[in-house]
Each structure stands twice: as structure tokens, then as C-alpha cells.
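> Here is my input, please return the structure:
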Amino acid sequence: MLAVLRRRRGVLRAALFAGAAIVIAGCGASSPGADDTQVRRGLDAIGGIPQDGFTLGDPKARETLIVLSRPTSFELDHLITQLPELTERLVRPGLLKVQLRMPTTGAYGAGDDERAVAGALLAAGRQKRFWQAVVRFVPTHSGRVGDPELAKLLRRSGVPDPGRAMTERSSSTVLSALDEADAAATAIRGNGRVVYMLGSEGENLGRQVAGSDRISQEDLVKQAGVLSKSADRGMLADAIVRSMAGDAG
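Residues are numbered from 1 along each chain as shown. Coordinates of the predicted model:
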């Protein structure tokens, strides 16, 4: 079993190092049409990939990249920029799945607007369009967004029933997902920044990040800290490789 795991990690490391590195882009003024280009590239990147709620990729993929971020954070733009590389080399081959959890309270809160946006995106996920909505929303919005604009976003994202999605923002399923994200942000002592966590046995990691007692708060902080510090330096790919190799500390 150990030999099989090492081979799989070797394949993932090779995939990460092949070709261009995954680099977090700097944030600055966008040139005309830059947002549209980013959206198109993002939509192409996720096209045909299975998704379930906030999860993108094969649910059986052993490795899981969990991203904690409020939906209107300008830093989340980095993830959208990286999607083509992430999906081509890691997600499509079934090596990695990506989950976006959206805390909206504490350091991640910006009032009721933030929670309304996150709820609408999660509700789109109930109709298998979460990632399309995220890709369209993130590069073009950073402030207050009203219901009419959110409904328009859902329609453009291909949500079959935007009206139902807007209503389901207040459903128990969506509210529970928001509460879980808030609990995760509290557990890792998030300071409002985008946090990246990588782990194997993705289903378990997902439960752990949601606030389960299956993992200690100290371990969560360690996992989150390693990738976040590296991500700030534009070295997310290297951080993923080190983490899987067991020498992230």
C-alpha cells in the first residue's frame, strides 16, 4: 500500500513540475478586456469536469486542495488565474480535487452582502453550476452586489433555475455549508486572507476543515500555515509538492 501511495505521489509531483509552474499572479489594475479573458479561460478550464456543490473534480481523488476565502476577496482572483494549470495537470487526470469554502463572519465578514453572495454561489452548486458562477463572479466583483445583479450572474452561469437558487440561499443546506466554513476559519485562526490547505484522504480532510474533531486545531493551523505562507510568495505548486512529500514543516 505504501509503495502504491509513493508511486501516486510521484506521478502528482511530476505533473506539478511538468511545464509552467502554478504561480499566484500579482493584483493590479486590469487592462480593458482582461476580466473577460480571465473568465473565458476559467470557464474553459473547468468545462466537462464533474462538480458536486463546492467540489471540483473526481470525488475519489485522493488529494484535496481546500481554499478558504470570502467570495469578494481580491486575493481569490489568484485561484481563478491558476485554474487552467490546476485542472489540466491535476484535476482532469483525477489526481486532485478542489473545494472552495467561503467563510463570511469574523475577519472574513463584510456584512450581510458577503453572506448573500456566498449563499447564492452555493445555491448555484445545488444545480451543478457553483464553479461556473465563481469563475464569472470573482474577476469582476469586489464590493456590494445586489440581488438583481446576482440573479443575472446565475443566469449567465447557466444555472437552470436562477429563481430557485436565489430562494435556496436561505435553505438549511446552504446555511449549514456557510456555518461550516465559518467554523473552519475559526479553527485555523484565519485573518481574512485566502488560505490553502492540502491533504490526502480528501473526504476526511473535508470533514476536518468543516470543524470535525477528527483533527486537532494545532494540526489544522500547521497545514493552513504552510501553504498560505508559500502561496503569498507565489510558490503554491512547490508547497503542494513538499506537503505531499511529508517535509512541509
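
> and the gap between the closest residue to residue 96 other than its chain neighbours and residue 58?
Nearest residue to residue 96 in three dimensions, chain neighbours excluded: residue 90, at 3.9 Å (C-beta to C-beta, 6 or more residues apart in numbering). (Glycine included, C-beta is placed from N, CA and C.) According to C-beta to C-beta, to the nearest Å, residue 90 and residue 58 sit 11 Å apart.

> out of those two, which sits in the busier spot?
More crowded of residue 90 and residue 58, by other C-beta atoms under 10 Å: residue 90, with 23 against 17.

> In three-state terms, label the more buried one for me.
helix (DSSP: H, G, I helix; E, B strand; the rest coil).

> I figured it was touching residue 83, is that so?
No: counting by C-beta atoms under 8 Å, residue 90 does not reach residue 83; the two are 10.6 Å apart.

> Tell me, how many residues neighbour residue 125?
Neighbours around residue 125, by other C-beta under 10 Å: 25.

> I'd like the distance between the spatially closest residue to it that is not a sequence neighbour and residue 180.
Once flanking residues are discounted, residue 125 sits nearest to residue 53: 4.3 Å by C-beta to C-beta, 6+ apart. With distances taken as C-beta to C-beta, residue 53 is found 11 Å from residue 180.

> pLDDT on stretch 189-204, on average?
Stretch 189-204 shows a mean pLDDT of 78.

> now the nearest residue to residue 43 once chain neighbours are set aside: how far from residue 62?
In space, and not counting its chain neighbours, residue 43 is closest to residue 135: 5.6 Å by C-beta to C-beta, 6+ apart. With distances taken as C-beta to C-beta, residue 135 is found 25 Å from residue 62.

> Neighbour count for these two, which is higher?
residue 135 (22 against 19).

> Let me know the pLDDT of that one.
95.

> Contact partners for it?
39, 42-43, 45-46, 80, 83 (C-beta atoms under 8 Å, 6 or more residues apart in numbering).

> lowest confidence element among the helices and strands of the chain?
Least confident helix or strand, the chain: helix 2-17 with a mean of 43, by mean pLDDT, DSSP states H and E.

> mind checking how far residue 130 is from residue 63?
Relative to residue 63, residue 130 is positioned 20 Å away (C-beta to C-beta).

> if I read this right, the residue nearest to residue 125 contacts residue 121, doesn't it?
No: look at residue 53 against residue 121 with C-beta under 8 Å: they stay out of range, at 10.3 Å.

> Look up the closest residue to residue 63, ignoring the ones flanking it.
Here the residue nearest residue 63, using C-beta to C-beta, 6+ apart, is residue 96, at 4.7 Å.

> Determine the number of other residues adjacent to that neighbour.
26.

> pretty sure it contacts residue 65?
Yes: contact criterion C-beta under 8 Å: residue 96 and residue 65 qualify, at 6.0 Å.

> who touches both of the two?
residue 86.

> ranges for the helices of this structure?
2-17, 34-46, 77-86, 112-125, 130-137, 147-156, 162-167, 172-187, 202-209, 217-232, 236-245 (DSSP state H).

> Quick check: buried residues in stretch 109-124?
By neighbour count on 16 or more other C-beta atoms under 10 Å, the buried set for stretch 109-124 is 109-110, 113-124.

> Out of those, which is nearest to residue 144?
residue 113 (5.3 Å; C-beta to C-beta).

> which ones are touching the closest one?
By C-beta under 8 Å, 6+ apart, the neighbours of residue 113 are 72, 144-145.

> Buried by neighbour count, from these: which ones?
72, 145.

> Point out the least confident one among the contacts of residue 113.
residue 144 (71).
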